[in-house]
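**Student:** Give the three-dimensional model of this entry:
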Amino acid sequence: MIRRLTVLVAATLLALILAAPAALAGGATQISGVAFFDVADTCDSASVGADYALLMTEETTEGLDGCLYTFVDDDPRKSPSGTYLETGTELFVASDGSGTFETTYRFEAKYEDVANLSGEIFGRCQHPIVKGSGTGVFEGVTGILLFKDDVETGEFFYRGHLRY
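**Tutor:** Model (predicted):
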């Protein structure tokens with residue numbers, strides 16, 4: 001009897017330990033997709049006063065489809081070695097008008113000519129979602145988006161997670 005109880009307790013503890021990461025994740029939805037500079041101004045970045053916008057597309061049904069408006073802080077840092085650091089804020093607006101959320105971001109890159117921001121060698125950025133900024137289907141959303149630049153194609157691959 002004691003042996004069965006010990007096995008039952010051990011099995012229960014093991015089940016709780018294995019289930020803990022899922023519970024801590026808060027049911028996070030993994031997302032991924034591709035973004036592009038909005039060269040045709042489809043997003044109409046001037047209407048919201050943005051420095052530029054990215055068109056975001058879904059890679060899977062768990063991605064984002066819409067415009068990511070970017071507002072660059074006034075003081076990006078450039079070094080003689082070609083490294084570049086930029087920070088700012090963003091507003092994501094779903095294409096179908098179903099919701100919005102805001103992020104802060106930090107972009108890090110290396111350029112052949114950092115003074116003119118040409119010849120990007122690599123680039124990546126982190127975009128934590130601002131708590132309480134979500135509207136519509138994004139109400140209550142938290143999470144982060146992580147971007148990696150494909151310097152050959154000009155595409156920005158993103159992945160991340162959203163929690164509601």
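**Student:** all contacts plus neighbour counts: C-alpha atoms, from now on.
**Tutor:** Fine.
**Student:** mind showing which ranges of the chain have poor pLDDT?
**Tutor:** Along the chain, segments meeting pLDDT under 70 span 1-26.
**Student:** And the longest strand anywhere in it, what does it pack against?
**Tutor:** The strand of greatest length in the chain, counted in residues with DSSP state E as the criterion, is given as strand 99-113. Under the contact criterion of 3 or more CA pairs under 8 Å, 6 or more residues apart in numbering; DSSP states H and E, strand 99-113 touches strand 83-94, strand 118-128, strand 135-136.
**Student:** If we go by neighbour counts, what in it is buried?
**Tutor:** For strand 99-113, the buried set under the neighbour-count rule, 16 or more other CA atoms under 10 Å, comprises 99-105, 107-111.
**Student:** before we move on, what about stretch 65-76?
**Tutor:** By neighbour count on 16+ other CA under 10 Å, the buried set for stretch 65-76 is 65-72.
**Student:** How about stretch 89-98?
**Tutor:** Of the residues in stretch 89-98, those scored as buried under the neighbour-count criterion (16+ other CA under 10 Å) are 89-95.
**Student:** re the thing from before, which residues sit against the longest strand of the chain?
**Tutor:** Counting by CA atoms under 8 Å, 6 or more residues apart in numbering, strand 99-113 makes contact with 82-94, 117-130, 133-139, 141, all of which sit outside it.
**Student:** from these, which would you call buried?
**Tutor:** Taking 16+ other CA under 10 Å as the criterion, what is buried in the contacts of strand 99-113 is 82-94, 120-121, 123-130, 133-134, 138, 141.
**Student:** in the sheet, who's paired with the residue nearest the centre of the chain?
**Tutor:** What sits nearest the mean C-alpha location of the chain, by CA atoms, centre = their mean, is Leu145, with 1.4 Å. Taking DSSP bridges, one obtains His127, Gly160 as the residues bridged to Leu145.
**Student:** Distance of it relative to Pro128?
**Tutor:** From Leu145 over to Pro128 the distance is 6 Å, taken as CA to CA, to the nearest Å.
**Student:** Same question for Glu86.
**Tutor:** Relative to Pro128, and taking CA to CA, Glu86 is found at 15 Å.
**Student:** Likewise for Phe71?
**Tutor:** When Phe71 is compared with Pro128 (using CA to CA), they lie 15 Å apart.
**Student:** ditto for Phe37
**Tutor:** If you measure Phe37 against Pro128 using CA to CA, the figure is 20 Å.
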